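> I'd like to go over a predicted model; first the sequence, then the structure.
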Amino acid sequence: MLPTSISQSNQLALDEVIARLALHDAIDGVLLMGSTGQNTVGPASDYDLVVVLSSQPEPIALLHTPIDQRLAEVYFFSTDTLDQIADERNSAQGGALPSAGDQVALYTWLQTGRITFDRNGRLARVQQHLRAADWFVPASDAQRYAIWFGHNYNLQHTKWVARSADPLYQREVDIRLLFTVNFLFCDYFHIRGLPWQGSKAAMRWLEQHDPAYLTLFHSLLDATNRIDKLAIYEQLVPLTLAPVGQVLSDQQSAVNFAPDSTFEPAMIERGLAFLESLLTIAPVS
């Protein structure tokens, strides 16, 4: 069995946890995010904290623990990370599926969170900098093209697998829809150069700016059978990719490129031409 523990934090109020953290020499600052920072915690809300460490004996990035019998996520960052942000040596780029503690999330937390402890004023300096700076870098052309290619591939592959009557293949369709729909929802924002700030914030944004897309997406989540889900997914893909390009037909080809390549739009036509050149040499009779 892997080791776990039952922390005393489960029996402590959030204010007491923060007070105890502030007494530790390794803690440089504490910031509260989301509903925690806005004092709008509801029955289903968790606690979200950023803890800034001046020293870090173990490379801990995220602590999952209850605080006062409420789920809590505690993210750890070093003072060096915050100093790099304040010194404008870092910027946050969108265009990849966000993960816990990614750059865009961290910058958003630091910009909008509520500081509850700041030993050396570091959090305040970083927050002031981010509120004044244009720190978000939208997805690059290469990332947008990779997103376009990936969703075209996922759509065509899922439709192809769905042709089979084999129950195993049909279950593969179910599995593919689970992860492709998740990527699709996030990439709606990446492909439009918008920062991803979590699913709840995404739904609030769509309510204001694209309610038809949100309604269609909700209908996919609510669909109870595979045929309906796949049909709605086919409608969502072109709506998601519209700012970049069309959806491939069953007869069209597309090409993607190595992640470390220097992308330029002309590469697409050259890549397709290269594909054709591989097939134009007639075999020797």
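Noted; the coordinates are in hand. Worth saying up front: this structure is predicted, and the values here are computed from it rather than measured.

> and the gap between A139 and H190?
5 Å (C-beta to C-beta, to the nearest Å). Every C-beta, even on glycine, is put in place using the N, C-alpha and C of the backbone.

> now the strands for the stretch 1-150 of the chain?
With DSSP state E, counting those that start in this stretch, the ranges of strands along the stretch 1-150 of the chain come out as 27-32, 47-53, 62-67, 70-78, 92-93, 114-118, 136-137.

> out of those strands, which comes closest to Y153?
strand 92-93 (22.9 Å; C-beta to C-beta).

> what about the host helix or strand of F217, distance to the chain center?
Assigned by DSSP states H and E, F217 falls within helix 211-222. Centroid separation for helix 211-222 versus its chain: 19 Å, with C-alpha atoms, centre = their mean, to the nearest Å.

> what are the contacting residues of whichever helix or strand comes after that helix?
Per DSSP H and E, helix 211-222 leads on to helix 226-241 as the next helix or strand towards the C-terminus. With contact meaning C-beta atoms under 8 Å, 6 or more residues apart in numbering, helix 226-241 is reached by 147-148, 151-152, 155, 158-159, 162, 170, 173-174, 177, 180-181, 184, 187-188, 191, 213, 216-217, 219-220, 223, 246-247.

> tell me which residues in helix 226-241 are buried?
K229, L230, I232, Y233, L236, V237, T240, L241 (16 or more other C-beta atoms under 10 Å).

> tell me what the residue nearest to S7 when sequence neighbours are not counted is bridged to.
The shortest distance from S7 to any non-neighbouring residue, by C-beta to C-beta, 6 or more residues apart in numbering, is to T65 (5.0 Å). For T65, the beta-bridge partners are A72 (DSSP bridges).

> number of residues surrounding T65?
A count of nearby residues for T65, using other C-beta atoms under 10 Å, gives 16.

> rewinding a little: include mean pLDDT and distance to E207 when you put the strands of the stretch 1-150 of the chain into JSON lines, please.
JSON lines is the format used below for the strands of the stretch 1-150 of the chain (pLDDT from 0 to 100; distance: least, C-beta to C-beta, whole Å):
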{"stretch": "strand 27-32", "mean pLDDT": "97", "distance to E207": "25"}
{"stretch": "strand 47-53", "mean pLDDT": "96", "distance to E207": "22"}
{"stretch": "strand 62-67", "mean pLDDT": "94", "distance to E207": "30"}
{"stretch": "strand 70-78", "mean pLDDT": "95", "distance to E207": "25"}
{"stretch": "strand 92-93", "mean pLDDT": "62", "distance to E207": "25"}
{"stretch": "strand 114-118", "mean pLDDT": "98", "distance to E207": "25"}
{"stretch": "strand 136-137", "mean pLDDT": "86", "distance to E207": "22"}
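
> so T240 versus L177, what's the distance?
Here the criterion is C-beta to C-beta. By it, T240 lies 14 Å from L177.

> do A282 as well
Distance from A282 to L177, by C-beta to C-beta: 42 Å.

> more crowded one of these two?
For A282 versus L177, neighbours defined as other C-beta under 10 Å are more numerous around L177 (21 against 6).

> the more buried one and V161 touch, don't they?
No. In this structure L177 lies outside contact range of V161 using C-beta atoms under 8 Å: 10.5 Å.
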